[in-house]
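Visitor: when you get a sec, could you give me coordinates for this:
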Amino acid sequence: MRHFVFRAPRFPADLPVQLTFENSTVTARCREISKDGLVLEAQKRPLENANCTIAMSHKGLAIELEARVARSDSKLDVLQFIYKSEEEQKGMAHFVSSLAEAAPRPGPRLIV
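Guide: Numbers count the residues shown, from 1 in each chain. Down below sits the predicted model:
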């Protein structure tokens, strides 16, 4: 039986991310984000379990955090945020909520 682990809701995103690892910085794309981590697409990619730094901005909010590559597949990496303080955690929660508000939501449509 598989153990259930609660995961925070993820929101679709398409944001540029500065990803720093192994003394180099590359531009990547954030494809999904939550308060726990993000799904990233990059040309040059860190190894699984590697630590890195991510920096991104949206609507005047800028965030920079440490992260760990939790999982990789052929195209995408899943990064888990490493919070060093409650302030970082609150800042990311605010950042994610600003993205969630901006995301288009499919809803009911009136068909005539």
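Visitor: Val69 contacts Asn49, doesn't it?
Guide: Yes - using Cβ atoms under 8 Å, Val69 is in contact with Asn49, at 6.1 Å. Heads up, the C-betas are built off the backbone N, CA and C, glycines and all.
Visitor: any common contacting residues for the two?
Guide: Counting by Cβ atoms under 8 Å, 6 or more residues apart in numbering, no residue touches both Val69 and Asn49.
Visitor: between these two, which one's more packed in?
Guide: Val69 (21 against 10; other Cβ atoms under 10 Å).
Visitor: ok, the more buried one - contacts?
Guide: By Cβ under 8 Å, 6+ apart, the neighbours of Val69 are 46-50, 52, 77-79.
Visitor: how about a cut-off of 6 Å?
Guide: Shown in contact with Val69 (Cβ atoms under 6 Å, 6 or more residues apart in numbering): 46, 48, 50, 77, 79.
Visitor: run through the strands of this structure in chain order.
Guide: 11-21, 24-33, 37-41, 51-58, 61-72, 76-82 (DSSP state E).
Visitor: please identify the deepest-packed of the ones you listed.
Guide: strand 37-41 (a mean of 22; mean count of other Cβ atoms under 10 Å).
Visitor: packing partners of it?
Guide: Counting contacts by 3 or more Cβ pairs under 6 Å, 6 or more residues apart in numbering; DSSP states H and E, strand 37-41 packs against strand 24-33, strand 76-82.
Visitor: returning to that earlier point: so can I have CSV of the contacts of Val69 showing distance to Ser34 and pLDDT?
Guide: As requested, these are exported to CSV (distance: Cβ to Cβ, whole Å; pLDDT from 0 to 100):
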residue, distance to Ser34, pLDDT
Pro46, 19, 88
Glu48, 19, 89
Ala50, 20, 93
Asp77, 15, 91
Leu79, 11, 95
